[in-house]
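A.B. asks: give the three-dimensional model of this entry:
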Amino acid sequence: MTTTLQSAPMTTKLSGFSLLNNPRLNKGTAFTEHERDIFSLHGLLPPHVGTLEDQVERRRKALSTRAAGFDQYAFMRDLQDSNETLFYALIASNIPEMLPIVYTPTVGEGCQRFSEIWRKPRGLFISYPNKHRIDQMLAHSRYDQIKCIVVSDGERILGLGDQGAGGMGIPIGKMALYTALGGVHPEHCLPVLLDVGTDNEDRLNDHLYVGWRNKRVRGQEYDDFIEAFVSAVKRRWPHVLLQWEDFARNNAARLLARYRDQLCTFNDDIQGTAAVATATLLAAVNVTGQPLAQQKIVVVGFGSAGIGIANLLLQKMQQDGLSKEEAYKRFYAIDRYGLIVEGGKDVSPDQLPFARKQSEVGGWQVSNKDNIGLLDVVRNAKPTVLIGVSGQPGTFTEEAVREMAKTTDRPIIFPLSNPTSRVEATPQQLLDWTSGRALIGTGTAFPPSTVNGKEVPIAQTNNSYIFPGLALGIISSRARHVSDAMIMAAATTLAKLSPTQKDKNASLLPALADSRTLSRTIAEAVGRQALADGLAGVADEKALQAELTANIWDPVYVPYERADDFAEQGG
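C.D. replies: Coordinates of the predicted model:
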């Protein structure tokens, strides 16, 4: 990274404290002598004129003095609210090190303790009592350049459940990765928290809680509120990308289904998780040599994420030649009441296509026929793939994993729940229980594991591989909608970038350090698919490439000049 200027000088009306307190424009000690002259900054800054590289080094040293985890997360949030360019430059200086600090797993605690560290406005809190003011909130000129929104209602934050207004940490974090990993300009990003209350008693009883102190609004009132928000978004930004994030299972899929043909929208928990899981599984089967269509797949936790993964894998199996009926038979879905079977307890309509017939399991030897657990499924079905999105720690038991390893030479096991406290099993456990033979992908970052004294890299099967490039491709193609084929294009492109294409012993996924390049490649594939689907607002491949280049922002300082209508604001 260098401080080479990426564009012509920009103009601003701000000066003095107002300029220094604007996180998008603040340069701190890197303001030049000329800029200090014309913007009344002398005396407000120490005399040293530094560089962005100096500042990155200074902030890195300061960050290293903070305790790992939440303290470092809070430090980075403060930095983002004071100097965005420096914030992103620091992330770009070491993406693998910084990603767990600014996003998973640490963002989970950041959401739980959001009210403790809230200091400055970022994004929009749209609370239920202010439903009649939504148009007014969106109307400000500061939002004129918005191209993408991440919205949550805070009800299903990672595996931690309802965090109410604290759930804003997720849209803020996702938008930060749009920029850090995808290059989307921060000026184009808007995090939104729809505050409809919370059923989390700890939040409601916390006198520091910053959200609306009320039980969650549900039913028709909730749906009307969501409709008011979406309608206001469509009026304000007819071509915006709207990403749904961390909505509860009973809302996530139905809201996506309701609105996906009304505007350009996707749900990362459903479609992003499915894409990265599919990509990682395709990389794993490249190692084993057994095609996807021959895999027997157990999915533990069959809510919106689990169903999304199964549906995308189902599509890929059909593309590879299986009929839909044959593809369904490759899946074993397990939820809170065990294996999902026809006539079983609380089987939802979206789960039903994956339900096993009673006749299929009637001859199984099981410990409880009314609740067929993971161990029973493994013993009877002999799966080759085990995927966990349950949010329940320890779900992948030693007995079940060892049983799986008896009949599968290279078990493919993805404990995808996050944060770390919710993981179904740790990579080291899985390798120990399979004599080092398991191919592993995790939803959160883990250090390399050890097998026979040798370090084994663990692929972080995290949505951050997918959604920044997906968003960049959607924005740059000016897509009107997000098709299933565009999601599949992101998944298959990431799979083709797997290091296992060249070395079967390599990590299943590319290095996170290459995220910016990966996102550009995924964006190109998504944009091409939008063109092929007839959904793009650009004319052709050449126009797509021009838009991609124009939409990618680098965290470097540009020179400032006074706007023609500059008004001296003083210090």
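A.B. asks: low-confidence ranges in the stretch 1-150 of the chain?
C.D. replies: 1-7 (pLDDT under 70).
A.B. asks: try it again with 80
C.D. replies: Scanning the stretch 1-150 of the chain for pLDDT under 80 picks out 1-8.
A.B. asks: ok so V192 is a strand residue?
C.D. replies: Yes. Per DSSP: H, G, I helix; E, B strand; the rest coil, V192 lies within a strand segment.
A.B. asks: neighbours of the closest residue to it other than its chain neighbours, how many?
C.D. replies: Using C-beta to C-beta, 6 or more residues apart in numbering and skipping residues adjacent in sequence, the residue nearest V192 is V151, 4.2 Å away. No exception for glycine: its C-beta is placed from N, CA and C like everyone else's. Burial of V151 is recorded as 27 neighbouring residues (other C-beta atoms under 10 Å).
A.B. asks: counting contacts, what elements does the host helix or strand of V151 pack onto?
C.D. replies: For V151, the host element (DSSP states H and E) is strand 148-152. Packing partners of strand 148-152 (3 or more C-beta pairs under 8 Å, 6 or more residues apart in numbering; DSSP states H and E): helix 169-182, strand 189-195, strand 241-244.
A.B. asks: related to what we said a few turns ago, contacting residues for the residue nearest to V192?
C.D. replies: 171, 191-194, 229, 242-245 (C-beta atoms under 8 Å, 6 or more residues apart in numbering).
A.B. asks: quick one, helices of the stretch 201-350 of the chain?
C.D. replies: 201-204, 219-236, 249-259, 273-288, 304-319, 324-328 (DSSP state H, counting those that start in this stretch).
A.B. asks: that older thread, out of the contacts of V151, who's nearest F125?
C.D. replies: L193 (5.2 Å; C-beta to C-beta).
A.B. asks: measure that closest one to G343 for me?
C.D. replies: Taking C-beta to C-beta, to the nearest Å as the measure, L193 and G343 are separated by 40 Å.
A.B. asks: likewise for V299?
C.D. replies: V299 is 20 Å from G343, by C-beta to C-beta.
A.B. asks: so between the two, which is more surrounded?
C.D. replies: Ranked by neighbour count (other C-beta under 10 Å), V299 and G343 place V299 first, with 28 against 8.
A.B. asks: so for that one, what's the pLDDT?
C.D. replies: pLDDT recorded at V299 is 98.
A.B. asks: cool, and the one 5 residues further on?
C.D. replies: Looking at S304, its pLDDT is 91.
A.B. asks: name the helices or strands packed onto the helix or strand that E97 is a member of?
C.D. replies: Of the helices and strands defined by DSSP H and E, E97 is found in helix 95-102. In terms of contact count using 3+ C-beta pairs under 8 Å, 6+ apart, helix 95-102 is assigned the packing partners helix 70-80, helix 84-93, helix 169-182.
A.B. asks: repeat that with 10 Å
C.D. replies: helix 52-64, helix 70-80, helix 84-93, helix 106-112, helix 169-182, strand 459-460, helix 515-532 (3 or more C-beta pairs under 10 Å, 6 or more residues apart in numbering; DSSP states H and E).
A.B. asks: now distance to A489 and mean neighbour count too, for the ones you listed, in a markdown table please.
C.D. replies: Shown next, in a markdown table, are those (distance: least, C-beta to C-beta, whole Å; neighbours: other C-beta atoms under 10 Å):
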| stretch | distance to A489 | mean neighbour count |
| --- | --- | --- |
| helix 52-64 | 35 | 16 |
| helix 70-80 | 31 | 20 |
| helix 84-93 | 26 | 23 |
| helix 106-112 | 28 | 24 |
| helix 169-182 | 16 | 26 |
| strand 459-460 | 20 | 26 |
| helix 515-532 | 4 | 22 |
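A.B. asks: want to throw the ones you listed into a markdown table with distance to P121?
C.D. replies: Converted to a markdown table, the helices and strands packed on helix 95-102 look like this (distance: least, C-beta to C-beta, whole Å):
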| stretch | distance to P121 |
| --- | --- |
| helix 52-64 | 22 |
| helix 70-80 | 12 |
| helix 84-93 | 14 |
| helix 106-112 | 17 |
| helix 169-182 | 11 |
| strand 459-460 | 32 |
| helix 515-532 | 28 |
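A.B. asks: tell me how far Q294 lies from T288.
C.D. replies: 10 Å.
A.B. asks: same deal with D199?
C.D. replies: 44 Å.
A.B. asks: higher neighbour count, these two?
C.D. replies: T288 (18 against 14).
A.B. asks: nearest to R60, of the contacts of V151?
C.D. replies: So of the contacts of V151, ranked by how close each gets to R60 (C-beta to C-beta), first place is P191, at 25.3 Å.
A.B. asks: that closest one bridge partners, please.
C.D. replies: V150 (DSSP bridges).
A.B. asks: list the residues that contact it.
C.D. replies: Shown in contact with P191 (C-beta atoms under 10 Å, 6 or more residues apart in numbering): 122-125, 149-152, 168-176, 178, 245.
A.B. asks: what about the helices in the stretch 451-571 of the chain?
C.D. replies: Under DSSP H, counting those that start in this stretch, the stretch 451-571 of the chain gives helices at 467-477, 484-496, 515-532, 541-551.
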